[in-house]
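**Student:** only geometry, no sequence info:
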């Protein structure tokens with residue numbers, strides 16, 4: 001293990017995957033350097049994430065979409081580089097396997113404690129050219145005896161000399177609201193989960209919406225019901241939500257039009273996921289939100 005000379009006492013544990021805890025309960029593992037084929041979009045990700053009672057609420061490397069990795073940041077089109085994994089959607093052609101996969105790589109620890117992790121990363125293309133640099137912070141805090149909160153904060157910075165464009169299958173021509181790419185959570189469910197917002201129920205109402213929050217409720221394989229509540233859309237972000245094909249929720253950066261990180265500029269994200277045991281209805285979600293974000 002080596003220390004970070006910029007932050008005395010902060011340790012880079014090499015291949016060690018740190019954990020997040022709430023009190024003495026481990027709630028998430030952070031896979032820092034996954035050993036994956038380039039086509040699977042190697043990047044740090046949280047998995048398994050669990051409720052306080054131990055119910056798993058993330059999936060990773062599922063057979064239907066092997067490149068879905070727990071909870072992570074991933075974008076399919078970053079100046080032509082696929083940092084999501086899988087096939088790339090090409091306008092006029094459809095999904096195509098291309099040699100265009102990059103990697104999101106950990107570079108330095110900035111802070112590391114049982115309830116928080118902060119580090120520096122680079123978003124790189126297939127030739128290891130740096131597309132974006134990132135500073136990311138993850139923090140776990142208790143909310144109620146049966147719920148906790150994951151805060152995900154990050155700053156993406158573009159090189160001084162060029163804009164960086166972020167796209168999705170939707171912005172590259174795919175119909176059907178496939179605007180995924182951003183902070184993505186692949187959930188796990190035994191059967192089809194339910195999703196709802198403050199204003200509507202179901203995938204059709206949630207996908208592409210821009211409300212304050214979106215909730216997903218499910219039963220994990222082996223039992224154990226849970227509720228996830230996502231908040232923190234940016235000004236031009238939209239919710240990308242799937243329940244029928246697979247269970248997933250994404251803060252989508254480019255849902256229906258490309259996003260740009262200007263040359264030398266930054267894109268800042270601040271999201272929160274409430275992880276609760278049991279199935280909560282709209283009133284239950286409102287109560288959770290009030291507990292963590294009092295008026």
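**Tutor:** Sure thing, it's come through. This one's a predicted model, so the numbers in the text were calculated from it and none came from an experiment.
**Student:** now residue 221, nearest residue through space, not along the chain?
**Tutor:** Sequence neighbours aside, residue 190 is the residue nearest to residue 221 in space, at 4.6 Å (criterion: Cβ to Cβ, 6 or more residues apart in numbering). From N, CA and C alone the C-beta is placed, and that goes for glycine too.
**Student:** Ok, residue 148 next?
**Tutor:** Excluding the flanking residues, the one nearest residue 148 by Cβ to Cβ, 6+ apart is residue 22, at 4.7 Å.
**Student:** Might you report the residue contacts of the one you found?
**Tutor:** 52, 115, 140-142, 148 (Cβ atoms under 8 Å, 6 or more residues apart in numbering).
**Student:** try 6 Å
**Tutor:** For residue 22, the contact set (Cβ atoms under 6 Å, 6 or more residues apart in numbering) comprises 140, 142, 148.
**Student:** where's residue 232 relative to residue 150, distance?
**Tutor:** Distance of residue 232 to residue 150, given as Cβ to Cβ, to the nearest Å: 11 Å.
**Student:** Helices along the stretch 151-295 of the chain, start to end?
**Tutor:** For the stretch 151-295 of the chain, the helices defined by DSSP state H, counting those that start in this stretch occupy 203-206, 282-292.
**Student:** Now find how far off-centre the first one is within its chain.
**Tutor:** Shown here is helix 203-206, whose average C-alpha point lies 19 Å from the average C-alpha point of the whole chain (Cα atoms, centre = their mean, to the nearest Å).
**Student:** Around the residue nearest to residue 178 when sequence neighbours are not counted, how many other residues sit close by?
**Tutor:** Computed as Cβ to Cβ, 6+ apart, the closest residue to residue 178 that is not its neighbour in sequence is residue 169, at 4.5 Å. Residue 169: 25 surrounding residues under other Cβ atoms under 10 Å.
**Student:** Kindly state the pLDDT recorded for residue 169?
**Tutor:** We have a pLDDT of 98 for residue 169.
**Student:** ok, back up a step: okay, the residue nearest to residue 221 and residue 203: tell me how far apart.
**Tutor:** Per Cβ to Cβ, residue 190 is found 18 Å from residue 203.
**Student:** neighbour-wise, which of these two wins?
**Tutor:** Just comparing residue 190 and residue 203: by other Cβ under 10 Å the higher neighbour count belongs to residue 203, 17 against 13.
**Student:** Could you check how far the residue nearest to that one when sequence neighbours are not counted is from residue 38?
**Tutor:** Distance criterion Cβ to Cβ, 6+ apart; nearest residue to residue 203, sequence neighbours excluded, is residue 243 at 4.7 Å. From residue 243 across to residue 38, the span is 30 Å (Cβ to Cβ).
**Student:** Pull the contacting residues for residue 279.
**Tutor:** Taking Cβ under 6 Å, 6+ apart as the test, what residue 279 contacts is 217, 225.
**Student:** again but with residue 136, I slipped
**Tutor:** residue 154.
**Student:** The one 4 residues further on too?
**Tutor:** Residue 140 sits next to 20, 22, 27, 115, 150 when contact means Cβ under 6 Å, 6+ apart.
**Student:** now do residue 263
**Tutor:** 158, 161-163.
**Student:** Now, of the residues you listed, which are buried?
**Tutor:** Among the contacts of residue 263, those buried by neighbour count (16 or more other Cβ atoms under 10 Å) are residue 158.
**Student:** pLDDT check: weakest of the contacts of residue 263?
**Tutor:** Scoring the contacts of residue 263 by pLDDT puts residue 161 last, at 93.
**Student:** Got phi/psi on that one?
**Tutor:** When read as degrees, to the nearest 10, the backbone of residue 161 gives phi -100, psi 0.
**Student:** Residue 187 versus that one, what's the distance?
**Tutor:** Distance from residue 161 to residue 187, by Cβ to Cβ: 39 Å.
**Student:** again with residue 275
**Tutor:** Per Cβ to Cβ, residue 275 is found 11 Å from residue 187.
**Student:** what's the overlap in contacts for the two?
**Tutor:** Residues touching both residue 275 and residue 187 (Cβ under 6 Å, 6+ apart): none.
**Student:** just checking, residue 130 touches residue 121?
**Tutor:** No - taking contacts as Cβ atoms under 6 Å, residue 130 lies outside contact range of residue 121: 10.2 Å.
**Student:** and these two? which has more neighbours close in?
**Tutor:** Between residue 130 and residue 121, counted using other Cβ under 10 Å, residue 121 has the larger neighbour count: 22 against 14.
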